[in-house]
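Student: sequence and predicted model, in that order:
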Amino acid sequence: MAHPELRRAGILVSVSAALLTGFASGASAISHGTNAPSGAAPWMATLAFPGTGPLAERGYCGGTLIAPDRVLTAGHCVMDKSPTDFEVHLGADQLSQAGEAPHRVRGWFWHPGWREIDTDDESFAAHDLAVVVLDRPVLNVRPARFATPAEVAAAVTRGATGQVYGHGRTERTDPAKGGETDRLQQAAMKLLPPAQCAPDIPQDSVGSSGFCVTGVPAGPADPAPSVCAGDSGGPLMLSTAEGPELAGVLSAESGNECDGAVHQGELMNPSDWRAEALRPHPALAPTGTLRITGTPTAGQRLDATVDGLAPRTAAVRYDWYQEKVTDSGFQYFVAVEGAATPSLTVSPDLLGKQLKCVATLTTPAGEVRLEALVSQAGESQH
């Protein structure tokens, strides 16, 4: 697994293909899609950073309500996040008109096979699925139904067309403004088997747990729609006699700037994971609060502790970082060499520099990173 700081950078920076993480500072959505009809996707969920600002400025990933208290999303949408780091909104055809109070998060767990795929930009994951458990059930929305493994396999084999849904920027949105598109977007996508995925989509990522899609133009003169950053976690639905069925979860995208006829999206197939995703009383990803004590003076020791660690059996790794500043004023953190323990003795070369500790909590249910800055007064800042 990559160094924590480099791994985070790899997820946030897209080269030619990347996970569809859409952070409020640079989200994009279904390009050349259309407005979803009101009420067409009641199970559509929006993951957002807590706050009082407009939801379109805080939303960063999509999801699908699969049970009254469960939302299925992409694993990378919740990786490294504690329950207090995000909230969930339901029924937002238009983010500006989301009337229901946001749901707090009780916890989350990811697919047991979740793992990052080692590529140059570290922007893919296998079994990129996770379930968010809500603090209270949603009683006024019927959860989406899963397609069966046989239905998904048949749809991929015959190149069926499904509908993808997502909020975010479109080709008409000013990139400088960031945020997400107010109106939910939808687009028709043709399902492709792993062997037909673009070369920059690793087979290790899609082959064992997913498939790819390419946009279906509405007409001969229309551009092909495509998925993009900000659509992560959103659903692909197949049309059946019983109504729409969930067949895929948006994970990553290929191509340049989320556009063009050769652009593809990578989706995870959740059908085989349905029973586990809905199991009663699931184990949740670990939680805790990182605290640092000590004074950052030469020869003194700083000690990091995770308070309220749950479950107590979670593995904890500590890494210390120091801030660097380039000649142009760009600030970033690099690891303090050999500092992978709960304690750090402040050497002379660390004096006057911003220091940070990262505690990585890991269980089979998930991995969460806790960060705390050390002020010059020796008090941790979370």
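Tutor: It's in.
Student: so the residue of the chain most remote from its centre: helix, strand or coil?
Tutor: Going by C-alpha atoms, centre = their mean, the residue of the chain most distant from its centre is residue 299, 40.4 Å out. Secondary structure state of residue 299, per DSSP: H, G, I helix; E, B strand; the rest coil, is coil.
Student: wait, it sits on residue 344?
Tutor: No - taking C-beta atoms under 8 Å as the definition, residue 299 is not a contact partner of residue 344, at 11.8 Å. Every residue, glycine included, has its C-beta placed from N, CA and C.
Student: what ranges does the stretch 251-382 of the chain have for its strands?
Tutor: In the stretch 251-382 of the chain, the strands defined using DSSP state E, counting those that start in this stretch lie at 264-268, 287-293, 301-310, 315-325, 331-335, 343-345, 355-363, 366-374, 380-381.
Student: give me the angle between the fourth one and strand 331-335.
Tutor: If I follow you right, that is strand 315-325. 140 degrees (axes from the mean of the first three to the mean of the last three C-alpha atoms, to 10 degrees).
Student: which positions within strand 315-325 qualify as buried?
Tutor: Of all the residues in strand 315-325, those buried under the rule 16 or more other C-beta atoms under 10 Å are 316, 318, 319, 320, 321, 322.
Student: ok, for residue 38, nearest residue in space, not its chain neighbours?
Tutor: Leaving aside its chain neighbours, residue 38 sits nearest to residue 93 (5.2 Å; criterion: C-beta to C-beta, 6 or more residues apart in numbering).
Student: which ones are touching the one you found?
Tutor: Residues near residue 93 by C-beta atoms under 8 Å, 6 or more residues apart in numbering: 36, 38, 39, 40, 41, 44, 183, 184.
Student: and if we set it to 10 Å?
Tutor: Residue 93 sits next to 35-42, 44, 167, 182-184 when contact means C-beta atoms under 10 Å, 6 or more residues apart in numbering.
Student: before we move on, what about residue 67?
Tutor: Shown in contact with residue 67 (C-beta under 10 Å, 6+ apart): 131, 133, 134, 137, 138, 143, 144, 277, 278.
Student: can you rerun that using 8 Å?
Tutor: Neighbours of residue 67 in contact, by C-beta under 8 Å, 6+ apart: 143, 278.
Student: do the one 10 residues further on as well
Tutor: Neighbour list for residue 77: 21, 47, 60, 61, 63, 130, 232, 233 [criterion: C-beta under 8 Å, 6+ apart].
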